[in-house]
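A.B. asks: structure here, sequence nowhere to be found:
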């Protein structure tokens, strides 16, 4: 299993750390463990984000915005009393270490064993990594049994109020696998649990102009991203329409949709307050972020 997309996302989170502290939208001091080139630091935030914008205007900010949106969902769930955090398709996610979660929160990172091994090897060289008890659960979402793996994981409580995140994964797996994953999470989480996942809007495939801000210089560039990840063996195979999300969730689980947002909302909530709001022509909104609650 390639880790190139996970490394690319980590590189963006690390680049954001080059911003002045009061200007950062998200913070990940440990992302540097996954970035090999010291040249990136020399280039600074401005040049790095500009290079990303040449590839697809607004892509850098969309990934940063997605990170912050999910950070806030996790923080809100913890404040609301969850006792378990399940990170599905964890890749190079570092929330277990960087969000400062209370010690009573049990954290489970779920991904393929090869990816987990590479991640732990890289994190070993991260400076000041806090000692957090993370339980690593090895599962292949396309073929493995998430239900069995989680149920047998150390200390896992299927009745606990939990928060579950699935970031940047649903486009890479069949729709049936996503539905099965949500169904399993429903069975393994107690009342009051929160589910958060991202998805690629079907308009990205069919009409990219509609997932970009007015005046975006190259809407077709969002399709180029899909083509590039396919070239490295990680193709997007599943797209979703915003109108179908409520019924998609309800058909496979007891969760109910609370929010379905994009970079439009993230721009207003997180970029504008730090003086980095994007004008419409720089908005890239092909990914959306879902929050659902279990009654």
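C.D. replies: In hand now; what should we look at? Everything numeric here is computed off the predicted structure, so don't read it as measured data.
A.B. asks: just the buried residues of the helix or strand residue 260 falls within, please?
C.D. replies: Using DSSP states H and E, the secondary-structure element containing residue 260 is strand 256-261. The neighbour-count check on strand 256-261 (16 or more other Cβ atoms under 10 Å) flags 257, 260 as buried. From N, CA and C alone the C-beta is placed, and that goes for glycine too.
A.B. asks: show me what that strand pairs with in its sheet, parallel or antiparallel.
C.D. replies: Each strand pairing with strand 256-261, determined using DSSP bridges, is listed with its direction: strand 287-293 (antiparallel).
A.B. asks: how far off centre is the partner strand?
C.D. replies: Here strand 287-293 shows a centroid-to-chain-centroid distance of 11 Å under the convention Cα atoms, centre = their mean, to the nearest Å.
A.B. asks: and for stretch 218-232?
C.D. replies: Counting by Cα atoms, centre = their mean, stretch 218-232 is centred 18 Å from the centre of its parent chain.
A.B. asks: what's the first-to-last distance across stretch 82-96?
C.D. replies: One end of stretch 82-96 sits 14 Å from the other (Cα to Cα, to the nearest Å).
A.B. asks: please identify the buried residues of that stretch?
C.D. replies: Within stretch 82-96, the residues that count as buried by 16+ other Cβ under 10 Å are 82, 84-96.
A.B. asks: over to stretch 170-180?
C.D. replies: Buried residues in stretch 170-180, counted by 16+ other Cβ under 10 Å: 170-173, 177-178, 180.
A.B. asks: next: stretch 234-244.
C.D. replies: Neighbour counts using 16+ other Cβ under 10 Å place 234, 236, 238-240 of stretch 234-244 among the buried residues.
A.B. asks: those residues in helices, which ones?
C.D. replies: Using DSSP state H to define helices, no part of the buried residues of stretch 234-244 is located there.
A.B. asks: and which of those is nearest residue 214?
C.D. replies: Top of the list for closeness to residue 214, among the buried residues of stretch 234-244 and by Cβ to Cβ, is residue 239 at 22.4 Å.
A.B. asks: tell me the spacing between that closest one and residue 103.
C.D. replies: Residue 239 sits 40 Å away from residue 103, taking Cβ to Cβ, to the nearest Å as the criterion.
A.B. asks: one more: residue 60?
C.D. replies: When residue 60 is compared with residue 103 (using Cβ to Cβ), they lie 34 Å apart.
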